[in-house]
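>>> output the structure for:
(chains A, B and C)
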Amino acid sequence: MAKSDTAGEAARPWQSYHTVYTNAKAGMDGVDKEKVQRIVYEMSKGSKYFENEERKEAFIKQKIDNMRSRCAKLTGADISHYQKVADKRILELEATRDLSRIWIHVDMDAFYAAVETLSNPSLKGKPMAVGSMSMISTANYEARKFGVRAAMPGFIARKLCPELIFVPTDFKKYNYYSDLTRKVFQKYDPNFMAASLDEAYLDATEVCKERGVIGEEVAEEIRAHVNKETGLTCSAGVAPNRLLAKVCSDINKPNGQFVLPNNRLAVMTFISSLPIRKIGGIGKVTEHVLRDAFGIKTCEDMIQKGSYICALFSSSTADTPEVRLRKSISNERTFSATGNKTFLYRKLGDIADMLSTDMQKEGLCGRTLTLKLKTASFEVRTRAVTLPKYISSSEEILKHASKLLKAELPVSLRLIGLRVSHLNENGNGAQPDPTQKTLTNFIVSGDASKKVMDNHSSLGAVISDCYFINDDETSISIGSHDTCSSNHRDPLDCIHSSKLEDSNSTFSSDGDHMEKFQKTTSENEEKTQDGVAQLLGADYSLPVQFEGSCLDRSESETDVMGSNAASSSHQGELFSWLNGYMCSICGMELPPNFVEERQEHSDFHLAKQLQEEESGTDLRTSMLRPRIVQKDPNASQGKRKKQKLSLKEGKHVPIDLFFVKSSQNF
DNA sequence: GGGCGGCACGACC
DNA sequence: TTCCAGGTCGTGCCGCCC
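Numbers count the residues shown, from 1 in each chain, chains lettered A, B, ... in the order given. Okay, here's the model as predicted:
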């Protein structure tokens, strides 16, 4: 928080602590904003979160200063030039203004909270929040009167409202009710756009024409219909475009609606005093920048100062696309900050599993994997790698994610996330290689590929036939994660049998399926009870035993762990390229000349083994500590680009869209 | 040197 | 007592390639 400049502010430092909690939100009109701000400030002060917020605030302030100085350098001729550019742009957009459509934005009222009240009527009339002590997802209107709202930490909410009842999130329930609402929406617009579980945009133009009714009537009918089907209330906005409809749906919340007539005068009047913060896409930071750098508070201000916006912001597209295609898919989890490598690798494995499950549910695979980390001091880092082929299995995700994480260690983290982008549908892992690298050619062509891609019946059978001895004393466990992630929708199918005695793992094979599953610690017991963990089906945190003695090491005995000289004798016992090309651990096939790929592959197994050893749960495994193969310096970290400099001189802030929006959409 | 893809950051809901 | 999310997307810099 920037230090207060005035004596008054110095006496009330919370006034300069900018949170999102005091912004206008439905149901929060009568809230004592200063009180909320003071409590939030007092409860945050001195924390690491607070310190990080201060850093961010200082950064924004510099950005504003930088923008101001660039603004000051503009000559009269510059301003005149950009004013012409702005005027021209406004004229162009005005020419494309379309007032013929009737859009309805439907927004469920305090959706999660309302669903919870529906299933537990005793909550009715009491202040309640859905979420936990660390974070609230939404709050009902009774709680909002106290200043409690979404994205607020629970402990602060409790301070604001000591009687607040916390209810844990239950997305199964919310999805169920969301589906009910969507069935209603479909009747009015088969192509409606679901913006989230509780919001949708409907183009009611056709239904109005067909029935000879106006948008207002359709909105009323939809709301009544939703209420009848779900028992929940919603609010609606009717306007000539989606952006305005969204703004309108917030005006008479809850259980109300607002109609903006389809004529230019009404639209221009409506937006003239509309605060910029009401526009979707303008949040805390951009509102701050526009206000402090240019004095822009309303949409009208924005149009009037169009020359500055044209001068200082780059152009970008405005309205939301007609069909929003998913560009990436991600999963992240927060936990108590720790530098414990075993824990971090275990988390990484969990997240890889969850992400893979999500991807397969949607039939996606992708080429770019991004690791997101939040350090104990709330610093956010991302590290990405783009692969030559599409991936979707948890095993492959973990393989590459482990390498990215390894490069960051040691570090104390409070969040790990994984994101896959460069998506392609039908994520069965057998997508053609976009860059036509020989590795995939090798894998996807011929019999060899079948063994890998068809996992169960081929790979499983091949491996079990050739290399596995199902013996309690000399055994191998294998992370055959494709078994779960690709072919088994029911996660419980993945857990066939398990037994581990004296830290030895066992594997089971029922002919078609193979899966490692072992329970050694109470932690694993807990995991089994954990619904999320059960969905994962595979657990990288569990110790994996590599017993060289049971492998058929014929001609490939000396072909160990790629070409890296760091391969130790231990590794020789643990890992080999069977018949010169097949990984003894997972059956992956790579010919000897795929030096780099082999190196990556061995890195993956080593990372896994390190993780497992450090869990300290398997004494026998821990005795087989391998040397860590040094990461290829050209891999992610070595190639990492210079970190972005703060406060770039260039046109960084993507706020041109505000200007564009201001004219195009209103 | 222009185009383009990869990567990091951070804005937004 | 508890002590600040998760998911997605847009933008710009940088380096590689033609």
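
>>> look up how far DNA strand C lies from A:Asn227.
27 Å (CB to the nearest atom of the strand, to the nearest Å). All C-beta spots, glycine's among them, are computed from the backbone N, C-alpha and C.

>>> same question for A:Met193.
12 Å.

>>> pLDDT score for that residue?
pLDDT, A:Met193: 84.

>>> what sits against A:Leu118?
The contact partners of A:Leu118, by CB atoms under 8 Å, 6 or more residues apart in numbering, come to A:177, A:230-232.

>>> tell me the mean pLDDT for the helix or strand hosting it?
Element membership of A:Leu118 [criterion: DSSP states H and E] is helix A:111-119. In this model, helix A:111-119 has an average pLDDT of 91.

>>> list the buried residues of it.
Buried residues in helix A:111-119, counted by 16 or more other CB atoms under 10 Å: A:111-117.

>>> could the contacts of A:Leu118 be laid out in TSV, adding secondary structure and distance to DNA strand C?
Formatted as TSV, these follow (DSSP: H, G, I helix; E, B strand; the rest coil; distance: CB to the nearest atom of the strand, whole Å):
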residue	secondary structure	distance to DNA strand C
A:Tyr177	helix	18
A:Thr230	helix	23
A:Gly231	coil	26
A:Leu232	coil	21
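
>>> checking the closest residue to A:Leu387 other than its chain neighbours next. Helix, strand or coil?
Computed as CB to CB, 6 or more residues apart in numbering, the closest residue to A:Leu387 that is not its neighbour in sequence is A:Arg367, at 5.2 Å. Here A:Arg367 is strand, with the state taken from DSSP: H, G, I helix; E, B strand; the rest coil.

>>> so A:Arg367 versus DNA strand B, what's the distance?
Counting by CB to the nearest atom of the strand - A:Arg367 and DNA strand B are separated by 7 Å.

>>> neighbours around that residue, how many?
For A:Arg367, the count of nearby residues is 20 (other CB atoms under 10 Å).

>>> next, the contact list for it, please.
A:386-391, A:421-422, A:424, A:434 are the contacts of A:Arg367 under CB under 8 Å, 6+ apart.

>>> that one and A:Ala352: what is the separation?
Counting by CB to CB, to the nearest Å, the separation of A:Arg367 from A:Ala352 is 16 Å.

>>> one more: A:His288?
Distance from A:His288 to A:Ala352, by CB to CB: 37 Å.

>>> before we move on, what about A:Ser402?
Taken as CB to CB, the span from A:Ser402 to A:Ala352 is 9 Å.

>>> neighbour count winner among the two?
Shown here are A:Ser402 and A:Ala352; by other CB under 10 Å, A:Ala352 has more neighbours (29 against 24).

>>> which ones are touching the more buried one?
By CB under 8 Å, 6+ apart, the neighbours of A:Ala352 are A:394, A:397-398, A:401, A:418, A:540.

>>> what's the farthest-apart pair in these?
Spatially, the most separated pair among these is A:Leu418 and A:Tyr540, at 12.9 Å (CB to CB).

>>> which neighbours do the two share?
A:348, A:352.

>>> pLDDT of stretch A:93-102, averaged?
Computed over stretch A:93-102, the average pLDDT equals 86.

>>> which residues touch that stretch?
A:203-205, A:208, A:214-215, A:218, A:238, A:240-241, A:262-264, A:267, A:660, A:663-664.

>>> stretch A:170-182 now?
Stretch A:170-182 is contacted from outside by A:106, A:108, A:111-112, A:115-116, A:118-119, A:192, A:194, A:197-198, A:200, A:226, A:229-230, A:232, A:234, using CB under 8 Å, 6+ apart.

>>> got the residues of the stretch 401-550 of chain A near DNA strand C?
Applying CB under 7 Å from any atom of the strand, we find that the stretch 401-550 of chain A lies next to DNA strand C at A:414-415, A:417, A:419.

>>> between those, which is closest to A:Cys310?
Out of these, the member with the shortest distance to A:Cys310 (by CB to CB) is A:Arg419, at 33.5 Å.

>>> which residues does stretch A:125-134 contact?
Residues contacting stretch A:125-134 (CB under 8 Å, 6+ apart): A:112-113, A:116-117, A:136-140, A:142-143, A:145-146, A:148, A:153-155, A:157-158, A:161, A:163-169, A:334.

>>> so is that stretch next to DNA strand B?
No. Residues of stretch A:125-134 contacting DNA strand B under CB under 7 Å from any atom of the strand: none, with a closest distance of 14.2 Å.

>>> look up which residues are beta-bridged to A:Arg381.
A:Leu373 (DSSP bridges).

>>> list the residues that contact it.
A:Arg381 sits in contact with A:372-375, A:408, where contact means CB under 8 Å, 6+ apart.

>>> which bits of the stretch 1-150 of chain A sit near DNA strand C?
Residues of the stretch 1-150 of chain A lying close to DNA strand C by CB under 7 Å from any atom of the strand are A:40, A:43-44, A:47-50, A:133-135, A:137, A:150.

>>> try 6 Å
A:43-44, A:47, A:49, A:133-135 (CB under 6 Å from any atom of the strand).

>>> what's the closest non-adjacent residue to whatever residue of the stretch 351-500 of chain A ends up closest to DNA strand B?
Residue nearest to DNA strand B within the stretch 351-500 of chain A (CB to the nearest atom of the strand): A:Thr386, separated by 3.0 Å. With sequence-adjacent residues excluded and distances taken as CB to CB, 6+ apart, A:Thr386 is closest to A:Thr368, at 4.5 Å.

>>> show me the contacts for that neighbour.
Contacts of A:Thr368 (CB under 8 Å, 6+ apart): A:384-387, A:420-422.

>>> put together JSON lines for these, with pLDDT and distance to A:Arg68 on each row.
Below are these laid out as JSON lines (pLDDT from 0 to 100; distance: CB to CB, whole Å):
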{"residue": "A:Ala384", "pLDDT": "86", "distance to A:Arg68": "34"}
{"residue": "A:Val385", "pLDDT": "85", "distance to A:Arg68": "39"}
{"residue": "A:Thr386", "pLDDT": "85", "distance to A:Arg68": "38"}
{"residue": "A:Leu387", "pLDDT": "83", "distance to A:Arg68": "43"}
{"residue": "A:Val420", "pLDDT": "88", "distance to A:Arg68": "40"}
{"residue": "A:Ser421", "pLDDT": "85", "distance to A:Arg68": "35"}
{"residue": "A:His422", "pLDDT": "83", "distance to A:Arg68": "38"}
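
>>> now those in CSV, with secondary structure and neighbour count?
Formatted as CSV, the contacts of A:Thr368 follow (DSSP: H, G, I helix; E, B strand; the rest coil; neighbours: other CB atoms under 10 Å):
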residue, secondary structure, neighbour count
A:Ala384, strand, 15
A:Val385, strand, 16
A:Thr386, strand, 14
A:Leu387, strand, 22
A:Val420, strand, 27
A:Ser421, strand, 16
A:His422, strand, 15
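
>>> sounds good, over and out.
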